[in-house]
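**Q** Sequence and predicted model, in that order:
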Amino acid sequence: MKGFNYWKELHDSAKLEEFSSNREGLLWLKTKSIVRRELISEFVQKNNITLRERALAKQFLELFALLCKNITNSHQLIDTYIREKNKVQVVKINSDQLVSELYKLKNFDWGGDYQNSLDKYLVNRYVKIHKSYDTLLSKFEGEIHVAVQGYVLNSWYNHWSSILIEHIFKSHQTVLPTVGQIKNVDFFINNIPFDLKVTYLPSEYIKLKRKERGLPVELTYLKNKAREANITFDKTAKSENIEYEITEKMKDRGDEFCNSVLAKLRNEKIDILREAQNNPTILAKWLYEHQGEMRFGSENRIFLVLVDADDFRSSWKLKRNLALLKPTIIYYLDNFRNKKTEDLKVSFGYKEKSQKFTALTDIIFVVK
């Protein structure tokens with residue numbers, strides 16, 4: 001046995017690969033899942049276990065030591081308890097009502113160019129820039145209000161749509177949920193701990209693949225074709241706004257030239273998507289290596305990549321499309337047992353970190 005502190009140190013360092021292949025390590029994670037005052041009390045009472053310690057942290061250590069005396073039996077005890085608790089939690093979720101609420105969001109706009117922190121964005125863009133109190137005050141009506149509202153609404157949408165998606169996973173027989181929250185673990189699939197990340201085919205990844213294929217930058221191509229078609233656009237606007245304006249004007253015109261330009265860009269994106277589907281490890285490695293610094297992690301991950309092939313910008317809407325999400329996720333989980341652990345391994349580096357990281361990962365593509 002390697003002991004409590006060994007697994008705690010690995011978990012605190014987000015090094016979860018060894019947990020996947022060690023029954024003692026898995027037991028540590030599952031035990032941590034129930035280390036909440038009401039959960040641990042209920043678990044020990046159900047299983048006639050007596051704990052001498054009263055502090056929660058010490059109860060965790062004591063309970064783990066007791067469970068390690070018969071690891072196989074202890075896995076069965078915790079699995080049974082977690083599944084019973086999950087059934088209770090699942091009943092509380094009204095999926096239909098939640099989906100209806102999510103459909104009330106018509107535009108997915110963060111309202112700013114921040115990536116990981118609204119606080120950092122506001123400080124750098126307003127607090128440190130404006131010396132005048134009156135000037136700063138004037139920003140609240142427009143810019144700051146838009147930024148905060150966009151952040152709150154998009155965060156709300158992401159949170160509750162993620163709850164729905166996790167519910168699909170946690171309702172499957174091959175998945176063991178975590179009852180209480182565990183850092184870097186959302187659930188176990190066939191006893192492999194995974195963190196779920198819902199994302200889209202990143203624009204920067206598409207840009208990289210276009211460059212590798214010798215294709216021009218998409219915005220540059222659109223601008224050139226807009227000029228050929230005598231379509232005017234605001235040259236001073238942000239890149240995403242210019243792209244949107246040209247694309248929408250080409251759609252509105254709908255002639256053969258404009259349709260061929262848009263079809264060409266769409267087909268090139270679909271080719272990049274197909275390449276990722278055929279070799280998901282390349283995209284998975286890119287996603288690990290290009291995550292934000294504040295959210296960096298090397299834990300095992302299941303990436304759920306959502307793509308609206310007709311309009312990549314509308315992929316965010318798929319997070320509430322249960323009719324599309326559910327069968328794709330269920331099919332993946334039904335066939336997970338056929339996957340080899342070795343095929344799930346990915347090694348990657350990260351900027352400003354000297355060490356190499358290894359994780360178990362896979363991608364589920366949901367394409368409309």
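**A** Yep, it's here.
**Q** where does Phe303 land in three-state SS?
**A** strand (DSSP: H, G, I helix; E, B strand; the rest coil).
**Q** Is it in contact with Leu287, as I believe?
**A** Yes: between Phe303 and Leu287 there is a contact at 6.0 Å, judged by Cβ atoms under 8 Å. No exception for glycine: its C-beta is placed from N, CA and C like everyone else's.
**Q** Between these two, which contacts overlap?
**A** Lys197, Thr199 (Cβ atoms under 8 Å, 6 or more residues apart in numbering).
**Q** what separates the most far-flung residue of the chain relative to its centre from Phe187, distance-wise?
**A** Counting by Cα atoms, centre = their mean, the extreme residue of the chain relative to its mean C-alpha position is Asn230, 41.0 Å from that point. Separation of Asn230 from Phe187 (Cβ to Cβ, to the nearest Å) stands at 54 Å.
**Q** next one: Gly111
**A** Gly111 is 32 Å from Phe187, by Cβ to Cβ.
**Q** Give me the more crowded residue out of the two.
**A** The residue with more neighbours, out of Gly111 and Phe187, is Phe187; 23 against 19, by other Cβ atoms under 10 Å.
**Q** Mind exporting the C-alpha coordinates of the helix or strand harbouring that one to CSV?
**A** In the assignment (DSSP states H and E), Phe187 maps to strand 185-189. The C-alpha trace of strand 185-189 is given here as CSV (Å, rounded to 0.1, in the frame of the first residue of the first chain):
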residue,chain,number,x,y,z
VAL,A,185,-12.8,14.7,-11.5
ASP,A,186,-16.4,14.8,-12.7
PHE,A,187,-17.0,11.0,-12.9
PHE,A,188,-15.4,7.6,-13.5
ILE,A,189,-15.9,5.7,-16.7
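**Q** For the residue farthest from the centre of the chain, which three-state class applies?
**A** Per three-state DSSP, Asn230 ends up coil.
**Q** Go through this structure and flag its longest strand.
**A** The longest strand of the chain (DSSP state E) is strand 353-367.
**Q** Now do the helices in the stretch 1-150 of the chain.
**A** 4-12, 23-33, 37-46, 56-67, 71-91, 95-102, 118-122, 133-138, 145-170 (DSSP state H, counting those that start in this stretch).
**Q** where does the protein have low pLDDT?
**A** For the chain, the stretches with pLDDT under 70 are 112-116.
**Q** at 80 what do you get?
**A** 14-17, 90-92, 111-121, 132-133, 141-142, 146, 180, 292-295, 352 (pLDDT under 80).
**Q** residue contacts, the nearest residue to Trp7 once chain neighbours are set aside?
**A** Nearest residue to Trp7 in three dimensions, chain neighbours excluded: Trp28, at 4.0 Å (Cβ to Cβ, 6 or more residues apart in numbering). Applying Cβ under 8 Å, 6+ apart to Trp28 gives the contacts Phe4, Trp7, Lys8, His11, Phe19, Phe64.
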